[in-house]
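>>> Got a predicted structure plus its sequence, pasted below:
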Amino acid sequence: MSNARQKAIDAIANTEYDLNQIDFRTSHLKELFGTLVFSEEVQKARLPKPVFKALQKTIKQGAQLTDPAVADAVASAMKDWAIEHGATHYTHLFQPMTGLTAEKHDSFLSPTGTGTAVAEFSGKELIKGEPDASSFPSGGIRATFEARGYTGWDPTSPAYIRESPNGATLVIPTVFVSWTGEALDKKTPLLRSMEALSAQALRILKLFGKTDVVKVFTTVGPEQEYFLIDKNFLYSRPDLLACGRTLFGAKPPKGQELEDQYFGTIPERVLACMADCEAEMFKLGIPVKTRHNEVAPSQYEIAPIFEDSNLATDHNQLTMDVIRRTADKYGLVCLLHEKPFAGINGSGKHNNWSMATDAGENLLEPGQTPHDNAQFLVFCVAVIRAVAKYPELLRVSVASAGNDHRLGANEAPPAIISIFLGSQLQDIMEQLEKGKPEKTLPGGFMEVGASVLPKLPRDAGDRNRTSPFAFTGNKFEFRAVGSSFSIGGPNTVLNTIVAESLDFIAGALERATATGTPLNAAIQDLLPGILKESKKVVFNGDGYSDEWHKEAERRGLPNLKNTVDSIPVIIRKDSVELFGKYKVYSERELTARYNIFSEKYVKEVTIEASMMVHMAKTMILPAALRYQGEVAGAVNATKSAGLDAGAQFEHLKELSATLGKFQAATAALDHAVHHKHSGDPYTDAKAVRDTVIPKMVELRTLGDALETLVADDLWPLSTYREMLFIK
């Protein structure tokens, strides 16, 4: 076996890890939860009552925080609390257009000039920071040499302590904007979209007489999928190290065919890592709820309880970071790429989305008799209309080079955006389209057939795991989001398109009721027409089937098969008008994202292609040539002995032919990668998709064929059967 592979396996076999780093008997999870968060409880205990009330009004009602004295008082209390927890520095954490988080640490310490120092942190420092913005993606909003950018405190997402070796840091969630005020991040547009939806939802609720509701929140519970493999394999795979996915790798004899990984017993080392991750997340106030094995070998999932979508976005970014950091303590590496291994399931992030009032009422809760629940029907139909009217915006919100490998495969929803309603809700919507709905299909009970078992309640509708946008009881599950994504982008789009639908419905109902039409009558007049126009997007069948693709085309549903097909939607006239109307994105901000998405696509694919060429030339080709020499020597020796070398010669012919094609494919990809770019980001993205990616596919096919031909002791790359199954 090759030296690197053997070293990786030897290291795994001979290393023992401490799997008992967390003791929930001495540190009960109830006592851990939120201990590192500057929570409402901490604020109430440490802030003067007027300051606490002003801050809570901002957090819960969206009131602007204008008094500098309030900011100073919050900053002082926050600093004292942080220092008590061992913090020496603070940072404004923001989410630039890279999709990751960014931070710059500043010390609390300020020299006095007399040889001593004091710990200081003012309201001004809390509210605004100024990181160097020159190297963050701006998509043409600003020149690279112009460095000024601002972070602004987001009081609706609580500050927290991030513990690390040799100290701790006070982390303050912020927005990130340019010197001219444009959003350079994921959070700013998300907050704008939440306000837009709240304003329109309040109009609907006012019609139902709920004038005491001050704010409507969108809530999200993102299910996070990820892979864990031994980190020794990472060091023997340059592609995993640089790209997050394997660029070569033949299908192993056993993959996920037996379906024995899904919900199976969690491996001991992985379970220890999960428990450690959860302990850290509990301290940070992240309400994680479930953990389990996913479908593919070495694939897992963690899921939280619903939260306000802004906080859920921050917590999901933290979740990914905690898993990555904690995995290393157990000799593991977390892979968040959407498709780290070809031929088995990739990873997504199911975005469970709903709307709720500040009083805690879920506006997508159907109740026991949803056919009689007019408020639920209005909000639900608004979502259906939004998805039917803006499916391409939802599609582009989940577009990336990584997610292109996953969407449409038999593991993830197709690129065609459709809605699954389930039999109960589907029946109600069909009744509503024809007039007033009169009944709700009952769920009933299941007879399992064993007398010792109780009757199990049956839901009125099944779930559809092939649908990209499915109603699942009291929420919609947007299943097309990629595992490495910030959920800020998809939820910004979702909030905005639903805000537009609520605006449309509120306007129609307000006009009708103003002329004396009773509300219920106005609803019965309005909703059937909306459903008739929007039902083309409703599909309860198998989203993977060829028949659905044909049916979707007949219905006129768009099928944007890859990122490059999707990107132009961002700057289309209707998109600019929509986001401009609700002040979520300006035209300049949309153009910037059009350029950033295009540039990112080009860069990611180019890095992968360059790495493929490097691995082909320096790793696979030398190994294959050595083996070719061995086989040729064996053929000649057999012939010299007067024996029949026919079978060996046929093997040599196959090997040599594959190797020749592999060398030609390597040269072709190398040439394509070094082709001069036009300078226009989208033109370059199209060129990369049409010229580079097909050559990558061809080279991979040949490289994987060589893996099945070359002697195992010469093959230089850790194989799928090793990475996915050796723990």
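Structure received.

>>> what helix or strand is the closest residue to A63 other than its chain neighbours on?
Nearest non-adjacent residue to A63, counting by C-beta to C-beta, 6 or more residues apart in numbering: K57, 4.5 Å away. All C-beta spots, glycine's among them, are computed from the backbone N, C-alpha and C. Per DSSP states H and E, K57 falls inside helix 49-61.

>>> can I assume S236 is in contact with T719?
No. With contacts counted by C-beta atoms under 8 Å, S236 stays clear of T719, the gap being 10.1 Å.

>>> in the helix or strand following the helix holding K57, what counts as buried?
Sequence-wise, the next helix or strand downstream of helix 49-61 (DSSP H and E) is helix 68-84. Neighbour counts over helix 68-84 (16 or more other C-beta atoms under 10 Å) mark V70, A71, D72, A73, V74, A75, S76, A77, M78, K79, W81, A82 as buried.

>>> check contacts around the closest residue to the fourth one other than its chain neighbours.
The reference is to A73. Among residues not flanking A73 along the chain, V51 sits closest, at 4.4 Å (C-beta to C-beta, 6+ apart). When contacts are counted by C-beta atoms under 8 Å, 6 or more residues apart in numbering, V51 is found next to A69, V70, A73, V74.

>>> Tell me how far V51 lies from Y17.
Using C-beta to C-beta, to the nearest Å, V51 is found at 47 Å from Y17.

>>> rewinding a little: neighbour count: S236 and T719, which is higher?
S236 (22 against 19; other C-beta atoms under 10 Å).

>>> Now do the contacts for that one.
S236 sits in contact with A4, R5, K7, A8, L717, S718, where contact means C-beta under 8 Å, 6+ apart.

>>> Ok, V564 next?
Going by C-beta under 8 Å, 6+ apart, V564 touches Y601, Y682, A685, K686, R689.

>>> Turn those residues into a markdown table, including pLDDT.
Listed next are the contacts of V564 as a markdown table, based on pLDDT from 0 to 100:
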| residue | pLDDT |
| --- | --- |
| Y601 | 96 |
| Y682 | 95 |
| A685 | 95 |
| K686 | 96 |
| R689 | 95 |
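
>>> Inside helices: which ones of the residues you listed?
Of the contacts of V564, the ones assigned to helices by DSSP state H are Y601, Y682, A685, K686.

>>> what's the helix or strand for Q224?
In the assignment (DSSP H and E), Q224 maps to strand 216-230.

>>> okay, that strand in PDB with CA atoms only?
Listed in PDB are the C-alpha atoms of strand 216-230, where the atom choice follows Å, rounded to 0.1, in the frame of the first residue of the first chain:
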ATOM      1  CA  VAL A 216     -44.600  38.900  13.200                       C
ATOM      2  CA  PHE A 217     -41.500  36.800  13.100                       C
ATOM      3  CA  THR A 218     -40.400  34.200  10.600                       C
ATOM      4  CA  THR A 219     -39.100  31.100  12.400                       C
ATOM      5  CA  VAL A 220     -36.600  28.600  11.200                       C
ATOM      6  CA  GLY A 221     -35.300  25.200  12.400                       C
ATOM      7  CA  PRO A 222     -32.500  24.200  10.100                       C
ATOM      8  CA  GLU A 223     -31.600  20.500  10.100                       C
ATOM      9  CA  GLN A 224     -27.800  20.300   9.500                       C
ATOM     10  CA  GLU A 225     -26.300  17.300   7.600                       C
ATOM     11  CA  TYR A 226     -22.600  16.600   7.600                       C
ATOM     12  CA  PHE A 227     -19.900  13.900   7.300                       C
ATOM     13  CA  LEU A 228     -17.300  12.900   9.900                       C
ATOM     14  CA  ILE A 229     -14.200  11.000   8.700                       C
ATOM     15  CA  ASP A 230     -10.900  10.400  10.500                       C
END
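
>>> now for that strand, which elements pack on it?
If you count contacts as 3 or more C-beta pairs under 8 Å, 6 or more residues apart in numbering; DSSP states H and E, strand 216-230 packs onto helix 187-207, strand 299-304, strand 307-308, helix 309-329, strand 332-335, strand 349-357, helix 488-514.

>>> The shortest one pairs with which strands, and in what direction?
Looking at strand 307-308 with DSSP bridges, its partner strands are strand 216-230 (antiparallel).

>>> Tell me the helix or strand right after the strand it pairs with.
In N-to-C order, the element after strand 216-230 by DSSP H and E is helix 231-235.

>>> Show residues contacting that following helix.
By C-beta under 8 Å, 6+ apart, helix 231-235 touches 4, 7-9, 11-12, 240-241, 327-328, 331-333, 718, 722-723, 726.

>>> Out of the residues you listed, which sit inside strands?
Residues of these located in strands (DSSP state E): L332, V333.

>>> Remind me which helix or strand the most centrally placed residue in the chain belongs to.
For the chain, the residue sitting closest to the mean C-alpha position, by C-alpha atoms, centre = their mean, is F485 at 3.2 Å. F485 belongs to no helix or strand when elements are defined using DSSP H and E.

>>> any idea how far it lies from V398?
7 Å.

>>> again, but for L332
For L332, the distance to V398 (C-beta to C-beta) stands at 27 Å.

>>> can you list the weak-confidence ranges in this structure?
Within the chain, the stretches with pLDDT under 70 are 1-2, 115-118, 133, 143-147, 408-412, 443-465.

>>> Now do the same for the residue of it positioned farthest from its centre: helix, strand or coil?
In the chain, counting by C-alpha atoms, centre = their mean, G642 sits farthest out from the average C-alpha position, at 63.5 Å. State at G642, reduced to three classes by DSSP: H, G, I helix; E, B strand; the rest coil: coil.

>>> In contact with it, which residues?
Residues near G642 by C-beta under 8 Å, 6+ apart: none.

>>> before we move on, back to that, let me have the buried residues of helix 68-84 in CSV, adding distance to T357 as columns.
Formatted as CSV, the buried residues of helix 68-84 follow (distance: C-beta to C-beta, whole Å):
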residue, distance to T357
V70, 26
A71, 28
D72, 33
A73, 30
V74, 26
A75, 31
S76, 34
A77, 30
M78, 29
K79, 34
W81, 31
A82, 33
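
>>> Between these, which sits nearest L29?
For the buried residues of helix 68-84, the closest approach to L29 (C-beta to C-beta) belongs to W81, at 21.8 Å.

>>> Please determine how far the closest one is located from L655.
From W81 to L655 the distance is 67 Å (C-beta to C-beta).

>>> so who does the residue nearest to D80 when sequence neighbours are not counted touch?
Nearest-residue entry for D80: R46, 7.4 Å, with adjacent residues in sequence omitted and distances by C-beta to C-beta, 6+ apart. Counting by C-beta under 8 Å, 6+ apart, R46 touches A77, D80, W81.

>>> neighbours around H651, how many?
Residues near H651, counting by other C-beta under 10 Å: 15.
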